[in-house]
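> could you work out the structure for the sequence below:
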Amino acid sequence: MLRSALILVAAGKGERVGGNIPKQFQPLSGKPLIEHTISNLKKSFDFNVISIVVAKNCRFIGDLSEKPSSALKIVTGGSTRTESVRCGLNSLKGKDIDHVYIHDAARPFVTEALIKALGQALETHSAAVPALKIVDACKSPEGAAVNRDEILRVQTPQAFHYDKILSAFDEYAANDAFADDIAVAHKAGLSLTFTQGDERNFKLTYAEDFAKAEAMLQTPTYIATGSGFDVHQFEDGGTLWLCGVPIECGYSLKGHSDADAGLHALTDAILGALAFGDIGDHFPPSDEKWKGASSDKFLLFALEEMQKRRGKLQHVDVTLICEKPKIKPHREAMRSRISELCQLPMHRVSLKATTTEKLGFTGRGEGLAAQASATIVLPE
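As a prediction, this is how the structure comes out:
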């Protein structure tokens, strides 16, 4: 079986990104950029050896050097990229390596497909490099047109037969500098081919690249929408609770709990978006524990379940259907209470009222109905 090694070039200063730390060690989503790169490389391919080439006396390698691994080596590089790669290649001598992949530490989004294509290319060539066509119009600094069909954007990892690229580097003096490893291979006459690159596999060079990378590392999400509907009849006496607001009107809503139809509908809407049953499943009317209970508890339960799933409530919409009581005098208080319970700004809480034009049980004033929808962003 072929043995493959990775050389991760991490000895550069990375000054264009700014800051006092080389870019490959700057934080990205809570950990150094280089750790994201290593993690993705390990997921993409089972390398027999990984040589991480760092600057002399590098004080940022810390955690990496403390993580025991028979496959991982820390190697001191040189003053140029070419020298550092040479150091990495020399560190692999005697390890029976067939293929070597040389990668920039500042490219954290390498994929399995990209590495697989390089490995396949090495079956027929001595060197392979991922590349992308240029889609923008190209000009020289003087403004002259440049034929973009004659130019490619090359990426890393750049892959080689180990013995051939080692010999190619050995042909040149230690102070020779090349733009990349393919330049060495090309000068040495190695057979070279290009594989399909990946736009996501960009090199973090400037501060704005870190912002782009942060966005890419966010957990993929989807939007879930749930709906809820509830009905309660009126009964004489008591306090009518609606959307968390008490209304003294000489009658109330009949139910096992406080019968707040608005909050019940909203609770079911959230549970629906979570595909987690309905209010009756979690708070059955047969359970005396919930007799007279405030419907705040039901809504807060649904919100806690949402938080367990790392969901984020974006918007709620409640429609009250009744001839009585009049909703308008209480509308803003209801919105405010829902906003407070759901921890949503007021502009994301909609509350409306309508009638059935004297039709049906609500039209006859026998009770009221509530309908609600909830929009939640959930991780995939």
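> CA only for contacts and neighbour counts going forward, please
OK.
> gap between Arg81 and Glu323?
With distances taken as CA to CA, to the nearest Å, Arg81 is found 78 Å from Glu323.
> ok, Ile223 next?
According to CA to CA, Ile223 stands 34 Å off from Glu323.
> and Pro141, by the same measure?
From Pro141 to Glu323 the distance is 74 Å (CA to CA).
> comparing those two, which residue is more hemmed in?
Neighbours were counted for Pro141 and for Glu323 using other CA atoms under 10 Å; Glu323 has more, 22 against 7.
> and the helices in the stretch 1-150 of the chain?
Counting by DSSP state H, counting those that start in this stretch, the stretch 1-150 of the chain has these helices, from start to end: 33-44, 62-66, 81-90, 112-121.
> other residues contacting stretch 346-356?
Counting by CA atoms under 8 Å, 6 or more residues apart in numbering, stretch 346-356 makes contact with 314-323, 327-328, 331, 334-336, 338-339, 362-363, all of which sit outside it.
> tell me the mean pLDDT for it?
Mean pLDDT, stretch 346-356: 97.
> before we move on, what about stretch 280-295?
85.
> and for Glu123, the neighbour number?
Using other CA under 10 Å, Glu123 is surrounded by 10 other residues.
> now do the same contact list for the closest residue to Gly77 other than its chain neighbours.
When the adjacent residues along the chain are set aside, Gly77 lies closest to Ser84, with 4.1 Å between them (CA to CA, 6 or more residues apart in numbering). Ser84 makes contacts with Val9, Ala11, Val53, Val54, Thr76, Gly77, Gly78, as judged by CA under 8 Å, 6+ apart.
> Val9 reaches Asp104, doesn't it?
Yes. With contacts defined as CA atoms under 8 Å, Val9 counts as touching Asp104 at a distance of 5.2 Å.
> returning to that earlier point: now, the contacts of stretch 346-356 that are in helices?
Of the positions in the contacts of stretch 346-356, Arg331, Met334, Arg335, Ser336, Ile338, Ser339, Thr362, Gly363 sit in helices, assigned by DSSP state H.
> most widely separated two among these?
Pairwise distances across those peak at 29.2 Å for Ser339 and Gly363 (criterion: CA to CA).
> follow-up on the earlier one: just the contacts of Ser84: which are in strands?
Using DSSP state E, the members of the contacts of Ser84 that fall within strands are Val9, Val53, Val54, Thr76.
> check the third one and give its pLDDT.
We have a pLDDT of 91 for Val54.
> any idea what it is bridged to?
Beta-bridge partners recorded for Val54 (DSSP bridges): Ala10, Thr76.
> how near is it to Ala213?
Val54 sits 22 Å away from Ala213 when distances are taken as CA to CA.
> check Lys254 too.
Summarising the geometry, the distance separating Lys254 from Ala213, computed by CA to CA, is 55 Å.
> equivalent analysis for Ser294, please.
According to CA to CA, Ser294 stands 45 Å off from Ala213.
> who has more neighbours out of those two?
Between Ser294 and Ala213, counted using other CA under 10 Å, the more crowded position is Ala213 (20 against 16).
> give me every residue that touches that one.
Residues touching Ala213, when contacts are defined by CA under 8 Å, 6+ apart, comprise Leu28.
> what do you get if the cut-off is 10 Å, keeping everything else the same?
If a contact means CA atoms under 10 Å, 6 or more residues apart in numbering, then Ala213 has Leu28, Ser29, Leu33, Arg107, Pro108, Phe109, Arg200, Phe202, Lys203, Leu204 as its contacts.
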